[in-house]
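Trainee: Kindly return the folded structure for what I paste below:
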Amino acid sequence: MLKTLGAAIGAALIVGAATSALAAGVISGAGATFPQPVYAKWADEYKASSGTSLNYQAIGSGGGIKQIEANTVDFGASDKPLKVEDQTANGLVMFPTVVGGVVPVMNLPGFKPGQVKLTGAQLADIYRGAIKKWDDPLLARTNAGLKLPNLPITVVHRSDGSGTTFLFTSYLSLEAEHWAKEVGANDSVSWPAGIGGKGNDGVAAFVKQTPGSIGYVEYAYAKQNAMTYALMQDKAGQYIAPTAANFKNAAANAKWNAAPGFYLLLLDQPGANAWPITGATFILMHAKQTDAAKGREVLTFFDWCYKNGDAAAEQLDYVPLPANVKELIRKSWSKIVGPDGKPVYK
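Mentor: Reported below is the predicted structural model:
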């Protein structure tokens with residue numbers, strides 16, 4: 001299933017990609033694997049509508065940031081938002097596209113999705129190697145009445161620079177002081193335990209083939225591969241499932257109009273049934289475009305996605321942005337100018 005998903009995504013993203021990034025009718029991007037499924041779907045539909053192809057390389061958020069800073073792609077993609085001072089220092093503009101959820105997934109034979117409950121602190125203890133077996137008394141206490149197996153836990157994490165990792169480790173830092181002090185939050189950290197997989201699909205593959213393992217992936221990868229996931233404790237103390245509705249609950253209080261450069265985290269949000277590891281994914285572009293037509297082409301694509309892509313996003317369990325936020329983003333595009341200093345998109 002995972003190989004089928006990867007092949008389908010690759011085919012959709014690189015349709016017509018045997019051309020250079022600067023060829024007519026092709027826009028290029030690189031970065032986050034978190035939004036790869038929805039970008040693939042948008043790319044497929046946009047090509048059918050406009051004839052323009054998207055060549056998107058899902059190499060991880062860290063790679064996407066490096067690629068756009070080096071000006072080797074038309075846009076970078078990252079789930080790790082850049083603070084406004086970092087955007088300015090690198091001559092970049094950033095805007096969000098959709099919201100999604102990061103989900104702990106497990107390989108526990110005989111267990112169904114949502115049977116195991118975890119707190120953020122327990123997840124941090126698992127990832128720092130303090131909880132080593134599934135029948136640990138701490139986990140048993142949270143899962144009263146559930147016979148957890150006497151099975152060693154194999155921790156699976158990302159091996160590449162990853163915005164999914166940034167969201168995950170930022171959440172663990174909020175929930176566990178030990179994690180914040182010993183490991184911290186970033187797109188790449190010094191992991192205390194475990195094995196690394198490249199991309200969301202790499203983590204999913206390791207978990208699927210390793211009994212007793214636990215990993216973290218964007219929800220579309222968990223759902224499309226029928227993976228066992230954990231219920232997570234929300235800020236209100238309830239154990240909730242990863243669903244589009246609960247991602248939407250986490251995003252409900254997002255104040256994008258008060259977020260400089262659209263820098264905003266949606267972790268451990270208040271309110272009922274707010275999935276605690278929720279985040280937006282972002283696009284990075286140069287504020288000054290060397291090729292105004294190419295910049296216009298990229299923004300035309302994302303404008304089309306905002307107008308026509310909500311249904312596809314929802315089918316993949318992402319949360320589309322509200323109409324007023326999309327309008328804020330369109331207004332922000334006035335900062336993206338061509339060599340003549342005039343906005344490339346109106």
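Trainee: Counting residues, which strand of the chain comes out longest?
Mentor: Using DSSP state E, we find that the single longest strand of the chain is strand 92-106.
Trainee: could you point out which element follows that one?
Mentor: strand 117-118 (DSSP states H and E).
Trainee: Listing partners with orientation, what would you give for that next one?
Mentor: For strand 117-118, the paired strands and their directions (DSSP bridges) are strand 231-233 (parallel).
Trainee: Show me what secondary structure element comes after the strand it pairs with.
Mentor: strand 239-240.
Trainee: Sheet partners, orientation included, of that next one?
Mentor: strand 231-233 (antiparallel).
Trainee: about what we covered before: would you put the C-alpha positions of the longest strand of the chain in CSV?
Mentor: Extracted C-alpha coordinates of strand 92-106, given in CSV (Å, rounded to 0.1, in the frame of the first residue of the first chain):
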residue,chain,number,x,y,z
LEU,A,92,11.7,35.5,1.8
VAL,A,93,7.9,35.7,2.1
MET,A,94,5.9,32.9,3.8
PHE,A,95,2.3,31.9,3.7
PRO,A,96,0.3,28.8,4.9
THR,A,97,-1.7,26.5,2.6
VAL,A,98,-3.5,23.9,4.7
VAL,A,99,-3.7,22.6,8.3
GLY,A,100,-3.0,18.9,9.3
GLY,A,101,-2.2,16.7,12.2
VAL,A,102,0.8,14.7,13.3
VAL,A,103,-0.2,11.3,14.6
PRO,A,104,1.7,8.7,16.7
VAL,A,105,1.4,5.4,14.8
MET,A,106,2.3,1.9,16.2
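Trainee: looking at it, Ala43 is touching Ser53, isn't it?
Mentor: Yes. The pair Ala43 / Ser53 is scored as a contact, 7.3 Å apart, by Cβ atoms under 8 Å. For glycine as for every other residue, the C-beta is placed from the backbone atoms N, C-alpha and C.
Trainee: And those two? Which one has more around it.
Mentor: Ala43 (26 against 22; other Cβ atoms under 10 Å).
Trainee: Which residue, neighbours along the chain excluded, lies closest to that one?
Mentor: Nearest residue to Ala43 in three dimensions, chain neighbours excluded: Leu54, at 3.8 Å (Cβ to Cβ, 6 or more residues apart in numbering).
Trainee: Ala176 too?
Mentor: Ala124 (3.5 Å).
Trainee: residue contacts, the residue nearest to Ala43?
Mentor: Leu54 sits next to Leu13, Val15, Val26, Ile27, Ser28, Gly29, Tyr39, Trp42, Ala43, Tyr46, Lys47, Phe301 when contact means Cβ atoms under 8 Å, 6 or more residues apart in numbering.
Trainee: Name only those of these that count as buried.
Mentor: Neighbour counting with 16 or more other Cβ atoms under 10 Å marks Leu13, Val15, Val26, Ile27, Ser28, Gly29, Tyr39, Trp42, Ala43, Tyr46, Lys47, Phe301 as buried within these.
Trainee: Settle this for me: the third one is touching Gly51, isn't it.
Mentor: In this case it means Val26. No. Assessed by Cβ under 8 Å, Val26 is found out of contact with Gly51, at 10.3 Å.
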